[in-house]
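Asks: sequence? don't have it. structure:
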């Protein structure tokens with residue numbers, strides 16, 4: 001049963017087939033007057049029931065005994081009459097639409113495409129008819145996975161023994177499971193933002209109390225087990241340690257406090273091996289955006305706990321492949337006992353770190369190796385430290401300061417530093433044809449990249465946040481984006497966010513009623529902490545959410561099948577990654593409150609990929625937390641297909657018109673809480 005918390009406010013129009021289905025549920029069988037059809041409006045909860053539980057419209061009880069054949073013939077006759085009546089009304093409605101189209105001014109027919117809306121509407125209507133006539137035999141719900149898959153991460157559950165291969169992704173087509181991943185049995189909804197940043201439910205993550213207590217003195221101070229919760233409390237010793245540590249970094253850079261990071265050009269930080277995300281949580285409260293990356297762990301510790309706290313994170317490794325971020329992406333890289341052997345492979349991991357850093361960016365390394373002093377017992381560690389020092393110098397990094405175990409280097413802002421290097425210096429600069437902005441699955445290469453890019457702009461010369469998100473015409477020229485296209489995209493998403501929020505407000509603020517036109521209540525009443533934008537394009541949806549004052553962050557994903565706009569997204573001060581949606585996204589289950597897909601279905605199906613829409617939906621369902629939302633924006637035909645598929649996942653779904661005279665539709669879905677439809 002769909003609970004009150006799964007209902008949405010009334011908005012948009014019902015499709016004719018849904019209206020007929022609703023009428024058939026009425027025991028009196030009365031037909032509505034045709035004059036009332038156009039003005040009839042129903043609640044989303046009615047819409048959801050009529051579209052997702054098709055058995056309620058044409059369900060047939062099992063019949064036994066001698067009267068079975070007679071009852072079957074009677075039902076068959078009634079069904080035929082219903083289908084005939086339905087066909088008549090749908091054709092009549094389509095005819096009325098055709099008449100309304102022909103009444104348009106002549107200039108609307110220019111180009112010979114006036115008949116396309118009529119054709120697509122007819123196809124859509126007959127698609128609905130086919131679904132209704134076939135009933136439940138058409139929609140077969142996806143089976144549930146066994147409980148052992150509750151923390152399933154495709155592409156990483158591999159039996160390969162090599163340590164290098166275990167870190168890399170292996171996304172063979174037959175390795176994906178075709179079932180719905182269930183949450184843990186005692187799963188609870190995360191606490192409202194931002195309270196959930198410091199307290200999470202113990203049952204929601206795959207880590208035992210024994211692992212917490214055995215994970216070391218630092219973690220013990222950081223994490224406190226209280227009944228069924230894990231608390232990252234503000235009064236803990238470790239939190240105060242993070243505060244002092246952050247202030248130490250600011251002081252070593254030459255700033256008075258972390259609050260001055262923005263003035264120094266620091267907005268985005270890559271936290272390598274982030275532990276449980278406490279450094280990122282502290283920076284987040286200072287309006288800095290930190291992306292946590294860590295290796296896949298069967299225990300689901302670092303990345304899973306960080307995401308459960310509502311903070312940005314994804315599975316990524318320093319291995320044989322480049323990280324899925326464009327060159328010159330981050331203002332700061334941070335590694336505090338992150339477990340990376342920077343001296344291995346001739347320093348190639350440091351070269352990758354250099355590729356990711358913007359000119360003038362900072363590399364912060366906290367390690368016991370950096371504080372070694374010559375003694376026989378630590379000769380090996382001293383060799384590692386000396387290698388890193390020397391290699392950093394060859395990368396044109398300047399050591400700013402060293403305090404205790406922490407060292408900070410700054411990447412040069414001058415390209416001529418590399419040209420002044422000796423010809424046989426290691427590493428050399430990359431050739432122009434190799435220095436590309438599409439790193440997805442690209443192997444590591446021992447050369448300095450980014451030097452040929454027009455994006456080589458020192459961080460202190462970039463506009464401070466949040467003005468950085470508004471690119472001017474000269475900046476847009478670097479990415480080959482016309483100003484009018486960028487402006488139109490920004491306007492589109494500004495209006496879309498208003499529309500989405502109007503539709504979702506009754507659920508987002510379900511325990512804090514919000515009337516239309518009222519301001520959003522302050523956190524923690526907002527149930528949205530993060531959004532996965534599957535086809536981010538210019539990051540316009542992200543920007544519109546921030547301009548509207550929404551207290552959340554967006555993971556912007558640029559599909560490998562789309563034009564490479566990831567550098568533009570990074571330069572706007574947002575976080576993002578490249579990804580092939582025929583593969584599973586590198587994250588643990590139940591990590592996003594909202595998933596947004598604009599034009600993704602048309603993009604992927606048009607590329608003739610070796611995957612289906614079902615494959616994409618399986619991963620969306622895995623990533624979406626219970627009671628989370630999925631919003632699809634696409635062509636009418638794509639949305640109709642997606643709605644049918646959504647019913648197979650037991651999602652509550654409805655179609656909303658975007659605006660008149662467009663082929664776009666919006667499919668608004670909500671994933672039920674465990675037990676609602678299981």
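Replies: Nice, I can see it. Owing to the predicted nature of the structure, the values given are computational and were not obtained by experimental measurement. Residues are numbered from 1 along each chain as shown.

Asks: list the helices and strands the top strand by length along the chain packs on?
Replies: Longest strand of the chain, by residue count under DSSP state E: strand 624-635. Contacts defined by 3 or more C-beta pairs under 8 Å, 6 or more residues apart in numbering; DSSP states H and E place strand 624-635 against helix 483-508, strand 592-598, helix 600-605, helix 636-648, strand 664-670. Backbone N, C-alpha and C define where each C-beta goes, glycine included.

Asks: Where does residue 614 sit: helix, strand or coil?
Replies: What DSSP: H, G, I helix; E, B strand; the rest coil gives for residue 614 is helix.

Asks: Pull the residues that contact stretch 489-497.
Replies: 537-538, 540-541, 543-545, 547-548, 550, 633 (C-beta atoms under 8 Å, 6 or more residues apart in numbering).

Asks: about what we covered before: what pLDDT, on average, does the longest strand of the chain get?
Replies: On average, the pLDDT along strand 624-635 is 95.

Asks: re the thing from before, now, which of the contacts of stretch 489-497 lie within helices?
Replies: 540-541, 543-545, 547 (DSSP state H).

Asks: What segments of the stretch 251-400 of the chain are helices?
Replies: Taking DSSP state H, counting those that start in this stretch as the criterion, the stretch 251-400 of the chain contains helices spanning 278-284, 302-308, 348-356, 379-394.

Asks: Now do the same contact list for residue 152.
Replies: 145, 177, 181, 589, 622.

Asks: Which residues are in contact with the closest residue to the first one other than its chain neighbours?
Replies: So the one you mean is residue 145. In space, and not counting its chain neighbours, residue 145 is closest to residue 179: 4.0 Å by C-beta to C-beta, 6 or more residues apart in numbering. Residues near residue 179 by C-beta under 8 Å, 6+ apart: 142-145, 149, 618.

Asks: Name the member of those with the most neighbours.
Replies: residue 618 (23 neighbours; other C-beta atoms under 10 Å).

Asks: Tell me if it really is in a helix.
Replies: Yes: checked against three-state DSSP, residue 618 lies within a helix.

Asks: Would you quantify the distance from residue 594 to residue 555?
Replies: 11 Å (C-beta to C-beta, to the nearest Å).

Asks: Those two: who's more crowded?
Replies: residue 555 (27 against 23).

Asks: isn't the more buried one right up against residue 532?
Replies: Yes: at 5.0 Å, residue 555 and residue 532 qualify as touching, with contact defined as C-beta atoms under 8 Å.

Asks: Look up the residues that both of the two are in contact with.
Replies: Common neighbours of residue 555 and residue 532 (C-beta under 8 Å, 6+ apart) are residue 592.

Asks: looking at this structure, which helix or strand does the model trust least?
Replies: Lowest by mean pLDDT, DSSP states H and E among the helices and strands of the chain is helix 55-58, with a mean of 33.

Asks: hmm, back to that, for the helices of the stretch 251-400 of the chain, which one ends up most surrounded?
Replies: helix 302-308 (a mean of 26; mean count of other C-beta atoms under 10 Å).

Asks: coming back round to it: could you export the contacts of residue 179 to a markdown table, including columns for secondary structure?
Replies: Listed next are those as a markdown table, based on three-state DSSP:
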| residue | secondary structure |
| --- | --- |
| 142 | coil |
| 143 | coil |
| 144 | strand |
| 145 | coil |
| 149 | helix |
| 618 | helix |
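
Asks: biggest separation within those, which pair?
Replies: 142 and 149 (13.1 Å; C-beta to C-beta).

Asks: hmm, back to that, walk me through which strands the longest strand of the chain pairs with, and which way each runs.
Replies: strand 592-598 (parallel), strand 664-670 (antiparallel) (DSSP bridges).

Asks: which outside residues touch the first one?
Replies: In this structure, residues lying in contact with strand 592-598 by C-beta under 8 Å, 6+ apart are 527-535, 537, 541, 552, 555, 620, 623-625, 628-634.

Asks: Just the buried ones from the residues you listed, in ChimeraX syntax?
Replies: In ChimeraX syntax, the buried subset of the contacts of strand 592-598 is picked out as below (16 or more other C-beta atoms under 10 Å):
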select :527,528,529,530,531,532,533,534,535,537,541,552,555,620,623,624,625,628,629,630,631,632,633,634
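
Asks: Dump the helices of the stretch 251-400 of the chain to JSON lines, plus distance to residue 665 and mean pLDDT.
Replies: Output for the helices of the stretch 251-400 of the chain, formatted as JSON lines (distance: least, C-beta to C-beta, whole Å; pLDDT from 0 to 100):
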{"stretch": "helix 278-284", "distance to residue 665": "35", "mean pLDDT": "91"}
{"stretch": "helix 302-308", "distance to residue 665": "31", "mean pLDDT": "92"}
{"stretch": "helix 348-356", "distance to residue 665": "39", "mean pLDDT": "96"}
{"stretch": "helix 379-394", "distance to residue 665": "53", "mean pLDDT": "89"}
